[in-house]
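Asker: Any chance you could fold what I've pasted below:
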Amino acid sequence: MPKPEIDSEDALGAGTSLVKIISEVLEEVDPELDVAQDDLAVTIKPESIKKVCELSKFRPELDFNYLRCISVVDYIERLEINYHLLSLSNRFKMVIKINVPPEKALVPTVSSIWKAANWFERESHDLFGVVFEGHPNLSPLLLYDEFEGHPGLKSFPFHEYDEW
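Answerer: Okay, the predicted model is just below:
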């Protein structure tokens, strides 16, 4: 598989060509872009997630056909949900980020776009309480049915004692 050409005059390397493409394709959702390490981070509003994921996967200039994982970060005042994507054909890596309040962690499912999202969303639901609206089956994946709470949250009580 040939590697895409990179403009040697370009200070940011391959990430910049992806920044240009993403800026054009996602212009209408007004994304916030940031380059960290070797991934482009695209922060959007939660209601845009399904549209952005569809554009990311099905636009040939992007072709993010591989959902590497979905991760959730608890910042106490907000939950950050990260969709880690890879384009095998273009050798692009990108993270789509959305922020939701922990007391109302409700986002649309992307399991119809990537089948792997089914398991990742169930895991995020188990551990962090994120509800993926439209998901076909949010039954527990890692925890048993009667388990109460979400152990991925910082507020989850792991110990029944006070630190001294």
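
Asker: which residues touch the residue most central in space within the chain?
Answerer: The chain has residue 83 as the residue nearest its centroid, 1.7 Å off, counting by CA atoms, centre = their mean. The contact partners of residue 83, by CB atoms under 8 Å, 6 or more residues apart in numbering, come to 49, 53, 67, 70, 95, 96, 97, 110. All C-beta spots, glycine's among them, are computed from the backbone N, C-alpha and C.

Asker: ok, which stretches of the protein are helices?
Answerer: For the chain, the helices defined by DSSP state H cover 14-25, 49-58, 117-128.

Asker: Please name every helix or strand in contact with the last one.
Answerer: Right, the one you point to is helix 117-128. Secondary-structure packing of helix 117-128 (3 or more CB pairs under 8 Å, 6 or more residues apart in numbering; DSSP states H and E): strand 66-74, strand 131-133.

Asker: what's across from the residue nearest to residue 68 when sequence neighbours are not counted in the sheet?
Answerer: Using CB to CB, 6 or more residues apart in numbering and skipping residues adjacent in sequence, the residue nearest residue 68 is residue 84, 4.1 Å away. For residue 84, the beta-bridge partners under DSSP bridges are residue 69, residue 95.

Asker: Residue 67 is in contact with residue 84, correct?
Answerer: Yes: between residue 84 and residue 67 there is a contact at 7.3 Å, judged by CB atoms under 8 Å.

Asker: Which residue of those two possesses the greater neighbour count?
Answerer: Comparing residue 84 with residue 67 by other CB atoms under 10 Å, the one with more neighbours is residue 67, at 22 against 17.

Asker: Let me see the contact set for the more buried one.
Answerer: Residues near residue 67 by CB under 8 Å, 6+ apart: 83, 84, 85, 110, 113, 114, 116, 117, 120.
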